[in-house]
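Trainee: After the sequence you'll find the predicted model.
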Amino acid sequence: MSSNPTRRPEEDDSSEERIKRFLATASHDLQSPLRHIAMYAELLLDDLEAALDGEQLQSLRMIMEKAQAAQRLTKALMSLAGGAPQVTPEEVDLQALAENVWGELTDETAVSDATLEIQGLPFLRSDPALLGLVLRHLLTNALTYRSEAPLHVVISAEREVADWFIRISDNGAGIDPVYQERIFEPFWKLPKAGTVPGAGLGLTTAREFLAALGGDLSLEHSDQSGSRFLIRLPVA
């Protein structure tokens with residue numbers, strides 16, 4: 001059978017190749033503006049440190065730190081797209097990381113009736129940028145696909161021999177069984193009226209990041225009472 005002469009080469013690309021191309025392009029395009037934000041924030045700190053009060057200095061330092069963190073993250077995304085993920089392991093306080101991500105998300109979304117409960121999260125050795133992005137994707141989903149009840153999210157952890165198992169549970173609307181097999185598909189987004197369309201790569205990239213860290217991500221349970229995702233990470 002002859003091939004369709006009108007078919008474009010990119011239509012033959014696998015989903016994995018499309019993801020890598022998307023991540024590489026987006027990360028590359030973000031590098032320059034992020035570098036300039038961090039550079040100008042550092043210059044302002046040097047020039048104005050003596051003239052600013054404590055709150056202003058803290059805000060300026062926060063801008064610089066967030067821009068630098070975003071730079072590190074985009075570099076990690078580019079390395080992931082290139083097939084050789086750049087992982088920088090260090091000691092991570094998982095509780096502090098989860099609280100920080102949750103605080104940023106609730107500030108960004110102006111949510112006031114959502115609560116986070118943390119149960120025994122460990123210190124572990126991992127890449128904080130990649131792990132933080134994984135948590136961000138999962139917590140964003142919990143905030144997006146909530147039910148009418150005030151959202152309550154629980155993050156717990158337990159160790160089994162050589163692995164940490166981290167569970168993120170919510171009391172949200174749950175995922176229709178029809179869609180549960182599709183949530184990790186690239187460029188697919190769980191339908192919900194009123195939500196802003198996105199790329200549909202959150203859970204896909206979260207799983208890819210965890211694979212780079214030697215772990216995995218799965219949906220452990222979901223029904224009308226909420227959902228529970230399971231992160232597996234190696235102890236060392």
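Mentor: That came through, no problem.
Trainee: which SS class is Glu117?
Mentor: What DSSP: H, G, I helix; E, B strand; the rest coil gives for Glu117 is strand.
Trainee: partners of it in the sheet?
Mentor: When assigned by DSSP bridges, Glu117 has beta-bridge partners Val154.
Trainee: Val92 belongs to a helix?
Mentor: No - with three-state DSSP as the criterion, Val92 is located in strand rather than a helix.
Trainee: and it, how far is that from Ala162?
Mentor: 17 Å (C-beta to C-beta, to the nearest Å). Placement of C-beta: from N, CA and C, glycine included.
Trainee: Could you export stretch 130-143 as CSV, CA atoms only?
Mentor: What follows is stretch 130-143, C-alpha atoms only, in CSV (Å, rounded to 0.1, in the frame of the first residue of the first chain):
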residue,chain,number,x,y,z
LEU,A,130,11.6,17.9,39.3
LEU,A,131,9.9,16.6,42.4
GLY,A,132,8.4,20.0,43.0
LEU,A,133,7.0,20.1,39.5
VAL,A,134,5.4,16.6,40.0
LEU,A,135,3.7,17.8,43.2
ARG,A,136,2.6,21.0,41.4
HIS,A,137,0.9,19.0,38.6
LEU,A,138,-0.9,16.7,41.1
LEU,A,139,-2.0,19.5,43.4
THR,A,140,-3.1,21.6,40.5
ASN,A,141,-5.4,18.8,39.3
ALA,A,142,-6.8,18.5,42.8
LEU,A,143,-7.6,22.2,42.9
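Trainee: Give me the secondary structure label for Thr88.
Mentor: Three-state call for Thr88 (three-state DSSP): coil.
Trainee: burial of the residue lying closest to it once chain neighbours are set aside, as a residue count?
Mentor: With C-beta to C-beta, 6 or more residues apart in numbering as the criterion, Thr88 has its nearest non-adjacent residue at 5.3 Å, and that residue is Asp127. Asp127 has 22 neighbours, counted by other C-beta atoms under 10 Å.
Trainee: Next: Ala51.
Mentor: 8.
Trainee: what does Glu91 give?
Mentor: 9.
Trainee: got the contact list for it?
Mentor: Glu91 makes contact with Phe123, Leu124, Arg125, according to C-beta atoms under 8 Å, 6 or more residues apart in numbering.
Trainee: rewinding a little: tell me which of Val92 and Ala162 has more neighbours.
Mentor: Shown here are Val92 and Ala162; by other C-beta under 10 Å, Val92 has more neighbours (19 against 8).
Trainee: is it true that that one touches Leu124?
Mentor: Yes - Val92 is in contact with Leu124 according to C-beta atoms under 8 Å; the separation is 5.7 Å.
Trainee: Where does pLDDT dip in this structure?
Mentor: Low-confidence segments of the chain (pLDDT under 70): 1-16, 18-20, 22-24, 80-85, 191-201.
Trainee: Perfect, that will be all.
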